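Novice: Fold the following and give me the result.
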Amino acid sequence: MSDSTQNSRRHSAKVVDGPGKAASRAMLRAVGFNDADFKKPQVGIASTWSMVTPCNSHINELAEFARDGADAGGGKGVIFNTITISDGIANGTEGMKYSLVSREVIADSIETVAGCEGFDGLVAIGGCDKNMPGCLMGLARLNRPSVFVYGGTIMPGKGHTDIVSVFEAMGAHSRGDIDLIELKNIEETAIPGPGSCGGMYTANTMASAIEALGMSLPGSSAQNAISQEKRDDCKAAGEAVLALLAEDIKPSDIMTREAFENAITVVIALGGSTNAVLHLIAMARTIDVELTLNDFTEIGKRVPVLADLRPSGHYMMSELVAIGGIQPMMKILLDAGLLHGDCLTVTGKTLAENLADVAPYPAEPPIIASLGNPIKSESHLRMLYGNLAPEGAVAKITGKEGTRFTGSARVFGSEEEAQARINDGTVIAGDVVVIRYEGPKGGPGMREMLTPTSAIMGRGLGNDVALITDGRFSGGSHGFVVGHVTPEAFDGGPLALVEDGDAITIDAEADTIEVDISDEEMMRRRAAWQQPEPRYRKGVLAKYAKLVSSASTGAVTD
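Specialist: Below you'll find the model as predicted:
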């Protein structure tokens, strides 16, 4: 056996080589191994397939293509599963508290299976949005040659609709603007088949970030879920792992500080989700790269928003796919000196080498603006600080909703309370809706506020009401919204001390968020505040609440 073959089997050899491992081989023979397979590198194929959500309902087939690619490359592919949940289904319910928790469970399960079974390399295939960072965190912990594959985007529904169209239709119905027949028609036609939510929401944002990071093959983030291109991507990923094994290229060689800067740059240019801040910081911490909220601010000063994609724009990911995906945009950014071209990627080549022969977009496509005439001259992702968020908060301000908002606090202790008062008309123009005790510990689980933000939009208050929370937002949320407020209310952060009627000012030019009360009044309220009892004392949510870090450090459990 050559040294290169032995090096590519440094984990599986410990499981299957020699007379003392006959029992291991006997078990594997029962799942399809033969004598020749025991001499091959083993490639684990982490599939997030599930019938829980259309984002993942096709991934069982994709996993088989990845396995075939690993086999064709000279390895032995072994498919295993991890979980997924559906944000689109759980939003607005108690079940949504499990959403961010699922990111940690996915990472834990990939690490657990691969660490136990001795896989030499890995392909991870993700669909719904927590899959992406969860898979990358698992791959980073193991630090074995790996490739991530995105399951692909869904196609638009009838009338250019998607899941956010349904949420906003619910708000329009509660206002009386549409009847039940119209609501049901949107419900029945907005989700036409498999694939992740169709705008530049969190799934497409994170898939794009991971491609820019170098952990996916070029083009993986911008392919339709049901397409030959996606099947070919999966097969190529399986083959690529064998090449990475031969060169001993690991995630730590790819997921560098400069690579994370590339990922942030692409997220900003695409007008991506606020969740990218949370997830990229978590991924960086897992691979021991220092990344903070301030990095998003500094990079955001020089990177414009170029993509006119939903939720704040008009187009869907499938329409970007049709004109070439994100690769031509990345070439534009590279040529302008906004990307680090020397970063290594899973192709074994640098980012610049991958982009060298990429064709430009068709002349002046409406989806992607030019650098000379961007949609926004600097980042839409604003890191806000002030007496309401001394450790930072994250806002998504495109400029369409303005850059400054002052209003009167209307305070709620949960998403459900706020949703009820939005629907019944209690929340009115000029309000700043405050939803607290929804942070990583207080929720627990840091629920997304897609249901209340969509209700605000559906009731026609998108330009007249702001919403702030220690929870977070869906990539589909838009409007004047601020999340990830830290310290969170459950830890006694200032958000816990706000009262109805307090004047709150959000300034996305000065990057501040302030409540207009004196330091003395803040101290008086703090002295009277008592921490609420934990909402869960057993099970995964209770364990998560005990372990999880602040949102400003990625809400990780390591």
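Novice: can I assume residue 457 is in contact with residue 476?
Specialist: No - under the criterion of CB atoms under 8 Å, residue 457 is not in contact with residue 476, lying 10.1 Å apart. Placement of C-beta: from N, CA and C, glycine included.
Novice: what about these two, which has more around it?
Specialist: Neighbour totals were compared for residue 457 and residue 476, and residue 476 leads with 27 against 21 (other CB atoms under 10 Å).
Novice: okay, the more buried one: pLDDT?
Specialist: For residue 476, the pLDDT comes out at 77.
Novice: and what of the one 4 residues further on?
Specialist: Among the per-residue scores, residue 480 holds a pLDDT of 88.
Novice: Leaving out sequence neighbours, find the closest residue to it.
Specialist: residue 466 (4.1 Å; CB to CB, 6 or more residues apart in numbering).
Novice: burial of that neighbour, as a residue count?
Specialist: 27.
Novice: Would you confirm that it contacts residue 407?
Specialist: Yes - between residue 466 and residue 407 there is a contact under CB under 8 Å: 5.8 Å.
Novice: now the strands for the chain?
Specialist: 42-47, 76-81, 121-126, 146-150, 381-386, 389-396, 404-412, 431-435, 466-469, 480-483, 503-507, 512-515 (DSSP state E).
Novice: of all the ones you listed, which gets the most neighbours per residue?
Specialist: strand 146-150 (a mean of 32; mean count of other CB atoms under 10 Å).
Novice: For the stretch 351-500 of the chain, just list every one of the helices.
Specialist: If DSSP state H, counting those that start in this stretch is used as the criterion, the helices of the stretch 351-500 of the chain fall at 351-355, 415-423, 450-458.
Novice: Lowest average pLDDT across those helices?
Specialist: Mean pLDDT is lowest for helix 450-458 out of the helices of the stretch 351-500 of the chain, coming in at a mean of 88.
Novice: Spatially nearest residue to residue 281, not counting backbone neighbours?
Specialist: Nearest non-adjacent residue to residue 281 (CB to CB, 6+ apart): residue 554, at 3.8 Å.
Novice: Residue 282 is in contact with the one you found, correct?
Specialist: Yes - taking contacts as CB under 8 Å, residue 554 lies within contact range of residue 282: 3.3 Å.
Novice: returning to what we had before: output the strands of the chain as TSV; include the columns distance to residue 318.
Specialist: Putting the strands of the chain into TSV (distance: least, CB to CB, whole Å) gives the following:
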stretch	distance to residue 318
strand 42-47	23
strand 76-81	27
strand 121-126	18
strand 146-150	13
strand 381-386	24
strand 389-396	22
strand 404-412	33
strand 431-435	32
strand 466-469	29
strand 480-483	25
strand 503-507	33
strand 512-515	36
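Novice: quick one, which of these is nearest to residue 199?
Specialist: strand 389-396 (12.8 Å; CB to CB).
Novice: Name the residues that touch the closest one?
Specialist: 273-274, 277-278, 293, 312, 380-385, 468, 472-473, 477-478, 481-487, 493-495, 506, 508, 513, 550-552 (CB atoms under 8 Å, 6 or more residues apart in numbering).
Novice: Between the two ends of stretch 315-331, how far is it?
Specialist: Chord length of stretch 315-331, first to last residue, is 21 Å (CA to CA, to the nearest Å).
Novice: Quick one: residues contacting residue 205.
Specialist: Residue 205 touches 129, 267, 270, 272, 273, 275, 276, 475, counting by CB under 8 Å, 6+ apart.
Novice: what about it, distance to residue 428?
Specialist: 32 Å (CB to CB, to the nearest Å).
Novice: go on, residue 203?
Specialist: To residue 428, residue 203 is 34 Å away according to CB to CB.
Novice: Wait, residue 490 touches residue 438, no?
Specialist: No - using CB under 8 Å, residue 490 is not in contact with residue 438; the gap is 9.0 Å.
Novice: Now the common contact residues for these two.
Specialist: Joint contacts of residue 490 and residue 438 (CB under 8 Å, 6+ apart) are residue 470.
Novice: more crowded one of those two?
Specialist: Neighbours were counted for residue 490 and for residue 438 using other CB under 10 Å; residue 438 has more, 30 against 23.
Novice: picking up where we left off before, OK, contacts around the residue nearest to residue 281?
Specialist: 278, 279, 281, 282, 283, 284, 285.
Novice: one step back: residue 203 and residue 428: which is more packed in?
Specialist: Here residue 203 and residue 428 are compared on neighbour count by other CB under 10 Å; more neighbours surround residue 203, at 32 against 15.
Novice: quick one, what contacts residue 236?
Specialist: Going by CB under 8 Å, 6+ apart, residue 236 touches 69, 217.
Novice: same thing but at 6 Å, please
Specialist: residue 217 (CB atoms under 6 Å, 6 or more residues apart in numbering).
Novice: What of residue 140?
Specialist: So residue 140 contacts 251, 286, 287 (CB under 6 Å, 6+ apart).
Novice: Closest one of these to residue 93?
Specialist: For the contacts of residue 140, the nearest to residue 93 is residue 286 (29.0 Å; CB to CB).
Novice: Run a quick check on the closest one versus residue 139, I expect a contact.
Specialist: No - assessed by CB atoms under 6 Å, residue 286 is found out of contact with residue 139, at 9.1 Å.
Novice: Show me which of those two is the more surrounded one.
Specialist: Using other CB under 10 Å, the more surrounded residue of residue 286 and residue 139 is residue 139, with 30 against 22.
Novice: how much space is there between that one and residue 202?
Specialist: In this view, residue 139 and residue 202 are 19 Å apart by CB to CB.
Novice: ditto for residue 172
Specialist: Distance from residue 172 to residue 202, by CB to CB: 24 Å.
Novice: Look at those two and report which has more neighbours.
Specialist: Neighbour comparison, residue 172 and residue 202: the larger count goes to residue 202, with 30 against 20 (by other CB under 10 Å).
Novice: so what's the more buried one up against?
Specialist: Shown in contact with residue 202 (CB under 6 Å, 6+ apart): 129, 273, 275, 475.
Novice: Show me which of the residues you listed is closest to residue 444.
Specialist: Out of these, the member with the shortest distance to residue 444 (by CB to CB) is residue 275, at 17.1 Å.
Novice: Excluding sequence neighbours, find me the nearest residue to that closest one.
Specialist: Distances taken as CB to CB, 6+ apart place residue 202 nearest to residue 275, at 4.4 Å, with adjacent residues excluded.
Novice: What pLDDT does the model give that neighbour?
Specialist: 94.
Novice: what do you get for the one 5 residues further on?
Specialist: According to the predicted model, the pLDDT of residue 207 comes to 98.
Novice: Counting neighbours, what do you get for the closest residue to residue 243 other than its chain neighbours?
Specialist: Sequence neighbours aside, residue 348 is the residue nearest to residue 243 in space, at 5.9 Å (criterion: CB to CB, 6+ apart). Residues lying near residue 348 (other CB under 10 Å) number 14.
Novice: How much space separates residue 348 from residue 408?
Specialist: Distance from residue 348 to residue 408, by CB to CB: 57 Å.
Novice: cool, residue 57 as well?
Specialist: 45 Å.
Novice: Next: residue 371.
Specialist: 40 Å.
Novice: For the closest residue to residue 410 other than its chain neighbours, give its distance to residue 501.
Specialist: Using CB to CB, 6+ apart and skipping residues adjacent in sequence, the residue nearest residue 410 is residue 431, 4.6 Å away. Per CB to CB, residue 431 is found 10 Å from residue 501.
Novice: ok, now residue 369?
Specialist: Residue 369 is 41 Å from residue 501, by CB to CB.
Novice: okay, those two: which has more neighbours?
Specialist: Comparing residue 369 with residue 501 by other CB under 10 Å, the one with more neighbours is residue 369, at 20 against 9.
Novice: List the residues that contact the more buried one.
Specialist: Contacts of residue 369 by CB under 6 Å, 6+ apart are 306, 375.
Novice: how far away is it from residue 99?
Specialist: 32 Å.
Novice: one step back: hmm, the residue nearest to residue 410 is touching residue 412, no?
Specialist: No - the pair residue 431 / residue 412 is not scored as a contact, 10.9 Å apart, by CB under 6 Å.
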